[in-house]
Every structure is written in structure tokens, then in C-alpha cells.
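Novice: sequence and computational prediction follow.
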Amino acid sequence: MRFGAMDNVERGRALHGVRVAVPAGDDGHALLWFAYCPNCQATVNTDRDFIADCWSCGRPLPKRFNSRMELRVEWVLYEDILLGRHHADEWYCNYCGTANPMSNPICSKCKRSKHSTGS
């Protein structure tokens, strides 16, 4: 499979396995940036390489947002959660930033799969 033909999520899965964004611990974090869609006000990921259209209204997102909010996360292999090597009570949706119980397989807000996250 060519990496050039894959989107960021597929490329991340191929290189690292399926990862899930969970609340960051004290030892480190990554940042996800979110803003409001100017068309429908839904919370959207601002990474244009990740998502170019709003998950809610389907309209194209701007190249730049006037303001953004950050979400501190830790990327954890989903397999480590399943095998008990990492404990997390919730996961953050990569598309809309909603915190969901780990037992939920899909986001309660945008209906994306927990497995569609993790680049």
C-alpha cells in the first residue's frame, strides 16, 4: 500500500497501530486544536490535513480560524487499553473534541468511530 494514497488517519494506523486520544497525564501531552465551524457553529478539528469539511454541515472549513481552543491529550494504542496496559475512563473524538466514555464505540456528538481516531 502506498503512503501517498492514504489519509492521515490511515497513515498513522499503518505506522503506529490504532491510537485513541485520552486525557493527558502529568508526564506529557499532545495538543489538538478545535474551533467553531463558521457555518453551523459545530466544534471542528482545525488541522486542514486531517479534515477539510465540517463533520456536521459538510461545508468547507476556512484555511484559518480567528480563534482556536486547545485540548491536551495523550495518544494511547487502543490495544494497550483493551489489554489493560493503560487505563483510561474516556476518549476524545478527533473530529469534534467531545469526551466520550471508553465503553462507547462511537462519539456521542458526531457519530464517528473511536477507531477512526489516532494519527
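Specialist: Received it, and whenever you're ready, just let me know what you need.
Novice: ok, the closest residue to His115 other than its chain neighbours to Pro62 distance?
Specialist: In space, and not counting its chain neighbours, His115 is closest to Val18: 5.7 Å by CB to CB, 6 or more residues apart in numbering. In short, each C-beta sits where N, CA and C put it, glycine included. Distance, Val18 to Pro62, by CB to CB, to the nearest Å: 30 Å.
Novice: these two: which has the busier surroundings?
Specialist: Val18 (17 against 12; other CB atoms under 10 Å).
Novice: isn't that one right next to Val76, touching?
Specialist: No. Taking contacts as CB atoms under 8 Å, Val18 lies outside contact range of Val76: 10.0 Å.
Novice: contact partners for the residue nearest to His115?
Specialist: Contacts for Val18 (CB atoms under 8 Å, 6 or more residues apart in numbering) come out as 77-79, 115, 118.
Novice: you'd agree Leu77 is up against Val22?
Specialist: No. With contact defined as CB under 8 Å, Leu77 does not reach Val22; the gap is 10.7 Å.
Novice: more neighbours, those two?
Specialist: Higher neighbour count among Leu77 and Val22: Val22, with 20 against 16, using other CB under 10 Å.
Novice: give me the secondary structure label for the spatially closest residue to Tyr92 that is not a sequence neighbour.
Specialist: Spatial nearest neighbour of Tyr92, excluding adjacent residues (CB to CB, 6+ apart): Ala21 at 4.3 Å. Here Ala21 takes the strand state, with states given by DSSP: H, G, I helix; E, B strand; the rest coil.
Novice: understood, closing this out.
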